[in-house]
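> coords below, sequence missing:
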C-alpha cells in the first residue's frame with residue numbers, strides 16, 4: 001500500500017497486478033479502501049496504550065494465513081523480475097533501519113502472536129527512480145531506490161518504513177478486501193433498487209442515474225476509507241518511529257519534501273477525490289504529534305555519513321544507462337561541501353566509474369575520500385567499495401587487501417564479498433571457509449537466492465558437484481521458480497546414479513527428499529491456481545506452464 005503516491009507501472013508491479021486481480025484485490029500501487037477504525041488510535045505521546053488489533057474484524061473473512069499465501073505468491077513473481085534488486089550493501093543498510101522498527105512493533109504489541117510467527121516482515125529493494133514504497137500482503141514492504149536517493153537522513157527514510165509497517169501490522173489489506181466486498185454488495189443492492197424504481201416509472205434516464213449514483217457512492221466510500229487508513233498509518237508510524245529510537249521529526253520533514261516536489265503539479269484541490277490526505281494536512285498533523293511526543297527510547301546509534309553514502313549508491317544503481325552514469329561520475333558536491341557531502345560525491349564517483357569500467361577515476365575518488373572518513377562504519381563501507389572496485393578490475397589481491405583490516409563480522413554483505421574474493425583468488429582455504437559459513441547461513445535463511453548461488457559457486461570450485469547442483473536448485477526455489485528447481489534436482493539425481501567425483505550418498509539422499517518436497521509444493525500451487533482460475537475464466541492445462549517464469553512487460 002503506497003505511502004506516498006502510486007508508483008509508475010513496473011514489470012514487477014504488472015506481476016503484482018495480475019496476481020492481485022486473480023484474488024479480487026485492488027493492486028498494491030493504487031488507492032486501497034479500508035474500513036473505519038474499530039478502536040481509537042493511540043494518542044500522541046502515549047506509548048503504553050496499544051491499538052487493539054484493528055484488523056480483527058477482517059480475520060474471519062481474510063485471515064493471516066490467507067494473506068500470507070497471497071503475499072508469498074506475489075513475491076515469487078517479484079523475485080524473478082529484473083526490477084527486483086538484491087544489492088547486499090544497500091539492503092544491509094535498509095535492514096539496519098527496518099529491523100529496529102519491527103522490534104518496536106513487537107514490543108508495543110502491534111505484532112501479535114497471530115502475525116509474529118507467520119509473516120516474514122521482509123523489506124526489499126526495487127530498481128525504480130520514483131519516490132515511493134509499498135506494502136504487500138503477508139508482511140512484505142518494497143522500497144524504491146528513488147526514495148532512498150531523495151531522503152536527506154535515515155530518520156526520513158525510517159518514517160516511510162514505519163508508515164508501511166503500520167499498514168502491515170494493522171492489516172489494512174485484509175480490511176480493504178472486507179470493505180470492498182461489503183461496498184460491492186451495498187452498491188449492487190442500491191443499483192437494483194434504483195433500477196426497480198425506474199422500471200415502475202418507465203423512466204430509462206432514472207435507471208441510468210441509479211446505476212451512476214450507486215457506482216459513485218461506492219467509489220467515494222472507498223476513497224474515504226483509504227484516507228482513513230493513511231491517517232491511521234501516519235499516527236501509528238510516528239509512534240513506531242519514536243519507540244525505535246529514530247527522530248520523529250523525520251516524518252514531518254519527509255512530508256515537507258513531498259509537498260515541495262509536488263507543488264508544481266498539484267493545486268491541492270478536490271481533497272475529497274483523493275486516496276491520500278492532502279500532504280499539507282499530514283505535515284500539520286505530524287508537527288503537532290512531534291510537539292506532544294516524549295522520547296520513548298534512546299536515540300539509535302549510527303554513522304552520520306552512512307545515509308549519504310547509501311544515497312549515492314542508490315543513485316548509481318537506479319539507472320544503469322551510460323549517460324546517467326557519466327553524469328553521476330562528473331557530479332560535484334554542491335555549494336560549500338561538508339565532509340558528509342564531499343564523501344557522498346566521492347563514493348558516487350567511484351561507484352559510477354566502476355560501472356563504466358573507468359578504474360583509474362574510481363581509485364582516484366577512493367584515495368581522495370580515505371582521509372575524510374569520520375567513523376568505523378564509514379571506513380567499513382569504503383573498504384567494501386574498494387574491494388568491489390578491485391574485483392571489477394580483476395585484481396583479487398587488492399580486493400583481499402582492502403578487506404584485510406576488517407574482521408569477519410558475520411554480516412551478509414561481508415560474507416558474500418569475502419566469498420567472491422576467495423573465488424577470484426583461487427584460495428582453496430578461503431573458498432572452503434566461505435563454503436562452511438555460507439552453509440550455516442542458508443541453513444537458517446533458506447529464502448536467500450544470492451547466498452545459494454554463491455554457495456553453488458564455492459562448492460563447484462571444491463569439486464562437490466552434487467552440493468553445487470542442490471545449491472543451484474535451492475536458489476531457483478528461493479526465486480519462486482519451482483520448475484527450474486525441480487529440473488536441477490532431477491539433474492542431481494542423474495549425476496548421483498552415474499557416480500564419480502563429487503558425489504556422495506548423504507547428498508544424494510538430501511536431493512531425493514528435497515525433490516519430493518518441492519514436487520508437493522508445486523502440486524499445492526497448481527491446486528490453488530486451478531481454484532482461482534475456475535472462479536475467473538480458466539487457464540492453461542499444463543502445470544509447468546502455469547509455474548514457468550514469464551517475461552513481464554513494462555508499461556508506461
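Sure thing, it's come through. As the structure is a computational prediction, the values presented were derived from the model and not from experiment.

> How many residues are close by the closest residue to residue 153 other than its chain neighbours?
Among residues not flanking residue 153 along the chain, residue 307 sits closest, at 5.8 Å (C-beta to C-beta, 6 or more residues apart in numbering). Yep, even glycine has a C-beta here, placed from its N, CA and C like the rest. Counted by other C-beta atoms under 10 Å, the residues lying close to residue 307 total 23.

> who's in contact with residue 307?
By C-beta atoms under 8 Å, 6 or more residues apart in numbering, the residues touching residue 307 are 93, 151, 152, 153, 154, 157.

> From these, which land in helices?
Taking DSSP state H, the ones among the contacts of residue 307 that sit in helices are 93, 154, 157.

> Name the nearest residue to the first one, ignoring sequence neighbours.
Using C-beta to C-beta, 6+ apart and skipping the chain neighbours, the partner closest in space to residue 93 is residue 310 (4.6 Å).

> Isn't that neighbour up against residue 145?
No: assessed by C-beta atoms under 8 Å, residue 310 is found out of contact with residue 145, at 10.0 Å.

> the helices in the stretch 401-550 of the chain, which residues?
Listed in chain order, the helices of the stretch 401-550 of the chain (DSSP state H, counting those that start in this stretch) span 412-425, 428-444, 449-461, 465-478, 482-498, 505-535, 543-547.

> among the ones you listed, which is the most enclosed?
Ranked by mean neighbour count, these are led by helix 465-478 with a mean of 24 (mean count of other C-beta atoms under 10 Å).

> which other helices and strands contact that one?
Counting contacts by 3 or more C-beta pairs under 8 Å, 6 or more residues apart in numbering; DSSP states H and E, helix 465-478 is packed against helix 449-461, helix 482-498, helix 505-535.

> closest to residue 108 out of the ones you listed?
The closest of the helices and strands packed on helix 465-478 to residue 108 is helix 449-461. By C-beta to C-beta, the value is 31.6 Å.

> what does the closest one contact?
Applying C-beta under 8 Å, 6+ apart, the contact partners of helix 449-461 are 79, 86, 88, 412, 415-416, 419-420, 422-423, 426, 431, 434-435, 438-439, 441-442, 445, 467-469, 471-472, 474-476, 478-479.

> and if we set it to 6 Å?
For helix 449-461, the external contacting residues (C-beta atoms under 6 Å, 6 or more residues apart in numbering) are 86, 416, 419, 431, 434-435, 438, 441-442, 467-468, 471-472, 474-475, 478-479.

> angle of that helix against helix 482-498?
Between helix 449-461 and helix 482-498, the angle comes out at 20 degrees (axes from the mean of the first three to the mean of the last three C-alpha atoms, to 10 degrees).

> Could you pull up the mean pLDDT of the host helix or strand of the residue nearest to residue 93?
Assessed by DSSP states H and E, residue 310 sits inside helix 306-317. In this model, helix 306-317 carries a mean pLDDT of 97.

> Repeat that for stretch 381-388.
If you average the pLDDT over stretch 381-388, you get 97.

> for stretch 357-374, same thing?
Stretch 357-374 carries an average pLDDT of 96.

> May I see the buried residues of that stretch?
Neighbour counts over stretch 357-374 (16 or more other C-beta atoms under 10 Å) mark 358, 359, 361, 362, 363, 365, 366, 369, 373 as buried.

> Find the pair from the residues you listed with maximum spatial separation.
Longest span within the buried residues of stretch 357-374, C-beta to C-beta: 358 and 373, 22.5 Å.

> Would you agree residue 359 is in contact with residue 391?
No: Residue 359 lies out of contact with residue 391 (C-beta atoms under 6 Å); the separation is 10.9 Å.

> Do you know the pLDDT at the closest residue to residue 419 other than its chain neighbours?
Spatial nearest neighbour of residue 419, excluding adjacent residues (C-beta to C-beta, 6+ apart): residue 434 at 3.9 Å. Here, the pLDDT recorded for residue 434 equals 96.

> Would you format the helices and strands packed on helix 465-478 as CSV with distance to residue 246 and mean pLDDT included?
Listed next are those as CSV, based on distance: least, C-beta to C-beta, whole Å; pLDDT from 0 to 100:
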stretch, distance to residue 246, mean pLDDT
helix 449-461, 28, 97
helix 482-498, 39, 93
helix 505-535, 39, 85
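
> Please name whichever of these is nearest to residue 130.
Closest approach to residue 130 among the helices and strands packed on helix 465-478 (C-beta to C-beta): helix 449-461, 24.6 Å.

> That closest one vs helix 465-478, what angle?
Angle of helix 449-461 versus helix 465-478, following the same axes, to 10 degrees, is 170 degrees.

> okay, the angle between helix 449-461 and helix 505-535?
Interaxial angle of helix 449-461 relative to helix 505-535 (the same axes, to 10 degrees): 150 degrees.

> Would you mind measuring from the residue nearest to residue 419 to residue 409?
For residue 434, the distance to residue 409 equals 14 Å [C-beta to C-beta, to the nearest Å].

> again with residue 526
Using C-beta to C-beta, residue 526 is found at 43 Å from residue 409.

> cool, and residue 315?
Plainly put, residue 315 is 26 Å away from residue 409 if you go by C-beta to C-beta.

> which one of the two has more residues nearby?
Legend: neighbour count by other C-beta under 10 Å for residue 315 and residue 409, higher for residue 315 (25 against 9).

> Show the contacting residues for the nearest residue to that one once chain neighbours are set aside.
Spatial nearest neighbour of residue 315, excluding adjacent residues (C-beta to C-beta, 6+ apart): residue 149 at 4.8 Å. Going by C-beta under 6 Å, 6+ apart, residue 149 touches 311, 314, 315.

> Let me know the closest of these to residue 496.
Nearest to residue 496 among the contacts of residue 149 is residue 314, at 44.3 Å by C-beta to C-beta.

> Contacts only, for that closest one.
Residues touching residue 314, when contacts are defined by C-beta under 6 Å, 6+ apart, comprise 145, 148, 149.

> redo that, cut-off 7 Å
Going by C-beta atoms under 7 Å, 6 or more residues apart in numbering, residue 314 touches 90, 145, 148, 149.

> which ones are touching the third one?
In this structure, residue 148 makes contact with 157, 310, 311, 314, judged by C-beta under 7 Å, 6+ apart.

> For residue 91, which non-adjacent residue is spatially closest?
Closest residue in space to residue 91, ignoring its immediate chain neighbours: residue 125 at 6.0 Å, by C-beta to C-beta, 6+ apart.

> I'd like to know how far that neighbour sits from residue 476.
Taking C-beta to C-beta, one finds residue 125 at 20 Å from residue 476.
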